[in-house]
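sequence plus predicted model, see below.
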Amino acid sequence: MPVGTMAAVKGLTVDELEALDVPIILGNTYHLALRPGTELLDELGGLHDFMGWRRSILTDSGGFQMVSLLKLANITEEGVTFQSPSDGSQMLLTPEKSIQLQNEIGADIIMALDDVVSSTTPDPERVQEAMHRTLRWIDRCIAAHKKPDKQNLFGIVQGGLDLDLRATCCHELIKRNLPGYAIGGLSGGEAKDEFWKVVLCCTKLLPPNKPRYCMGVGYPIDLVVCVALGVDMFDCVYPARTARFGVALTDNGNMVRRGRGAREKEGRKERKGSKKGIGEEKEEEEDPGRVF
Amino acid sequence: MATSADFDLLATDGHARLGRIKASLNTPAVLLYTRRGFPPPLTPREVKSLYQSGASPSTFAFFMSAADFYDDPGSGVLSSFRGVREFCGLQDQKEMIVVGNKDAVNQQFGMPSSDTWVTLQTSAGQKKVANEDYIKLLSAMQPDIAVSLVDEVQMENSDKRIKKSVDRTLKWLDEYLAERKGGNVAESVTIFAAVVGGTSHRERERYARELAKREVGGYAFTGFGTGESEEEREAFVRMSLEHLDQHKPRMMSGLGSPDEILWSVKMGMDVLESAYPWFLSSQGLAISFPVSYEGIMKYADEEEMEAESSLMNGKINLWDTDYCKNTDPITKGCSCFACAKYSRAYIHHLLKTNEMLAEARPFFSVKHRMTSQQVFLSCHNQHCLLIFMESVRQSIADQSFEKFCTAFRKARKAPSRFLQG
Ligand SMILES: [Zn+2]
Ligand SMILES: [Zn+2]
């Protein structure tokens, strides 16, 4: 899913996305709530009509953005507390509020609010607490969901790198018979060997007839391995990010924009993707410590 | 009517001319503003959408600035392609490509020059560009029309400076024509001679007489829009035109607003360089004046109205928060792809959130971030200008150009609420 943060995928029109046969894009609830506002979107018939996109949309819960973007976010049983970026006042994103915002945006797939902790958190009790809280919150999300006939609510598997916690979370979520499931809390800097195990643990348990979305995974090699492990969906900023740095993906690896001298010599050869004169970007996934 | 190899003059109405250049470009035509080879911030897909919405590639062309290609990629890289058309991936596009000295928007006047070089603003800053290198670059670019190098003067320059400018521009043209004789310029390239002469009647006449002796495909008027009045401008253009071959096409640079376009057509210009759509789009403005022939002629017999606002006549500003919930298209009844699909509310949102669809297209925007160019506004404004030119051509064919100009003046002043629907 290309990421269209604020009702537009950077650098591409929806016609171009359709021409690329993109079936679904991701919108960020937090950003859309700021601009243009979910009430306005609701009034104008939802995000699809607003941006002229006829295919599917998935929105996130908004929680991740708050934790990652806002310094003073704090998680309690009630929800995610954060400081308003406009006036500094205390705000609260509860599971109910997240679902309300997503109901107003009107995406085809909406995500439950979860309690996210970094996969490298050294505190096992915190990881356990987050998993159990995520389960309590999923029930609040289900109860708050106003359009279950139109919008598919996905639950998120938490539990850090602890396979027992992951298994418990999977079993509990499956009981709720949700339209789809996400594997969350990964890509936080954990070792690859740990990462694969968690993904496999979840995909083995999750029902085969429901889509599985692995959150925050985006490097090509990770996509391939996750697909092999049974994952169906990813959010991926890799194409946009590489394009921004002047990198083109080719069969021979990543082609990096270089100085003028090299291009002068190569002329049209370079265009054909010949190895000569193309700077090979060191694939970042060769670094074993980094998955994302 | 009269025919030369590169220009068919089909009809005239007063001095206004209806014609066809190189059997493919219907004139009067606009040259779309490009940056590094393409109209910013559009893609070939979006330019093709302009054809689908009523324009045809035979009614507009691209104006490319040689300065945009001088430093990067340079003639070395370009010559390993079949010219700038292939380099820019336009081999399937049918628009004519016209290459002139410099960017229409980043015009700088009074830059240093000598008997052998001028100063151009390239992608790597100001560079002294020798005529020899300019010709080499044009030969590598192989456009359909190439304008010779100009030693530009400003309206306030002295007669002595003007004479120098005429001498240099003529010498540079001769050097280019000699290259052509020597077989170093592709057959397909038509050379337009830059027309100079500043405010000097004597120099304009001398230069025009010299040009008349030479085998050039057309004339490119430059140096206007630097503070002269409309009367002065008219006089200067007439001074040159009087002695030039009537059967060759004329191009006007630097005057691109609808009023300037109509003025230029009235003077007998055939090709007009216009950055107007880009300029409006970069400010979040959209054309809302009528552009169809019928839509404009409706106003021919109307009372002249007081303009609603002299600034906004015939335009709307999408930054205006009034549009935040407006689900109408930019203008009702417009057949452009943006109006077919997107609301004013969405375009307002894109402007406001800086989510400019162009922003992530570094090819176009690296050095020009000040512009909030916007794909949908650009499509709409380009489309409107192309339809407007279609109407201009029709008015000449109908022998009603003068009436059309009057009607258009009134139509633009009409309050915008009358213009929608
Ligand atoms: Zn490609
Ligand atoms: Zn339009």
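Alright, I've got the coordinates. Bear in mind the structure is a predicted one, so any value in this text is a computation, not a measurement. Ligands and ions are numbered 1, 2, ... in the order given.

shaky segments in chain A?
The model of chain A has pLDDT under 70 over residues A:67-72, A:258-292.

what comes into contact with the lengthiest strand in chain A?
As assigned by DSSP state E, the longest strand anywhere in chain A is strand A:152-157. The contact list for strand A:152-157 (C-beta atoms under 8 Å, 6 or more residues apart in numbering or on different chains) reads A:99, A:108-112, A:114, A:134, A:138, A:141-142, A:145, A:166, A:169-170, A:173, A:176, A:178-185, A:202, A:206, A:211, A:213, A:215. The way it works is simple: take the backbone N, C-alpha and C, and place the C-beta from them, glycine included.

could you identify the helix or strand that succeeds that strand?
helix A:163-175 (DSSP states H and E).

returning to what we had before: parallel or antiparallel, list what pairs with the longest strand of chain A.
In the sheet, strand A:152-157 lines up against strand A:109-111 (parallel), strand A:180-183 (parallel) (DSSP bridges).

break the chain into its domains for me.
No chain was given, so I picked chain A. Chain A resolves into domains spanning A:3-235, A:246-272 when parsed by the TED database.

actually chain B
Using automatic domain parsing, the domains assigned to chain B come out as B:7-274, B:284-418.

okay, and residue B:20 sits in which element?
Taking DSSP H and E as the definition, one finds residue B:20 inside strand B:16-21.

state the mean pLDDT of that strand.
Strand B:16-21 carries an average pLDDT of 97.

check stretch B:118-130 too.
Stretch B:118-130 comes out at a mean pLDDT of 92.

first-to-last residue distance for that stretch?
End-to-end distance for stretch B:118-130, by C-alpha to C-alpha, to the nearest Å: 7 Å.

tell me the strands in chain A, going along the chain?
A:24-27, A:56-59, A:74-75, A:80-83, A:90-93, A:109-111, A:152-157, A:180-183, A:212-214, A:233-234, A:247-250, A:253-256, A:279-280.

in TSV, list the ones you listed along with mean neighbour count.
Supplementary listing: these in TSV, determined by neighbours: other C-beta atoms under 10 Å in any protein chain shown:
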stretch	mean neighbour count
strand A:24-27	22
strand A:56-59	22
strand A:74-75	17
strand A:80-83	20
strand A:90-93	16
strand A:109-111	27
strand A:152-157	26
strand A:180-183	25
strand A:212-214	24
strand A:233-234	19
strand A:247-250	14
strand A:253-256	17
strand A:279-280	12
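
before we move on, what SS does residue B:260 have?
helix (DSSP: H, G, I helix; E, B strand; the rest coil).

just checking, next helix/strand downstream of the strand holding residue B:20?
Counting by DSSP H and E, what follows strand B:16-21 is strand B:25-27.

quick one: average pLDDT of that next one?
Rounded mean pLDDT across strand B:25-27 is 96.

same question for stretch B:50-61.
86.

so for that stretch, what gets flagged as buried?
B:50, B:51, B:53, B:54, B:55, B:57, B:58, B:59, B:60, B:61 (16 or more other C-beta atoms under 10 Å in any protein chain shown).

then stretch B:167-177?
B:167, B:168, B:169, B:170, B:172, B:173, B:175, B:176, B:177.

from the residues you listed, which is closest to residue B:86?
The nearest member of those to residue B:86, counting by C-beta to C-beta, is residue B:176 at 22.5 Å.

pLDDT score for the closest one?
97.

next, it: phi, psi?
Per-residue torsions, residue B:176: phi -70, psi -40 (degrees, to the nearest 10).

so it makes contact with residue B:184?
No: applying C-beta atoms under 8 Å, one finds residue B:176 not in contact with residue B:184, separated by 9.8 Å.

between helix A:163-175 and the longest strand of chain A, find me the angle.
160 degrees (axes from the mean of the first three to the mean of the last three C-alpha atoms, to 10 degrees).

for strand A:152-157, C-alpha coordinates in PDB please.
The C-alpha trace of strand A:152-157 is given here as PDB (Å, rounded to 0.1, in the frame of the first residue of the first chain):
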ATOM      1  CA  ASN A 152     -13.600  -3.700   7.900                       C
ATOM      2  CA  LEU A 153     -12.000  -3.500  11.400                       C
ATOM      3  CA  PHE A 154      -8.600  -5.200  11.600                       C
ATOM      4  CA  GLY A 155      -7.300  -6.300  15.000                       C
ATOM      5  CA  ILE A 156      -3.600  -6.000  15.700                       C
ATOM      6  CA  VAL A 157      -1.400  -8.800  17.200                       C
END
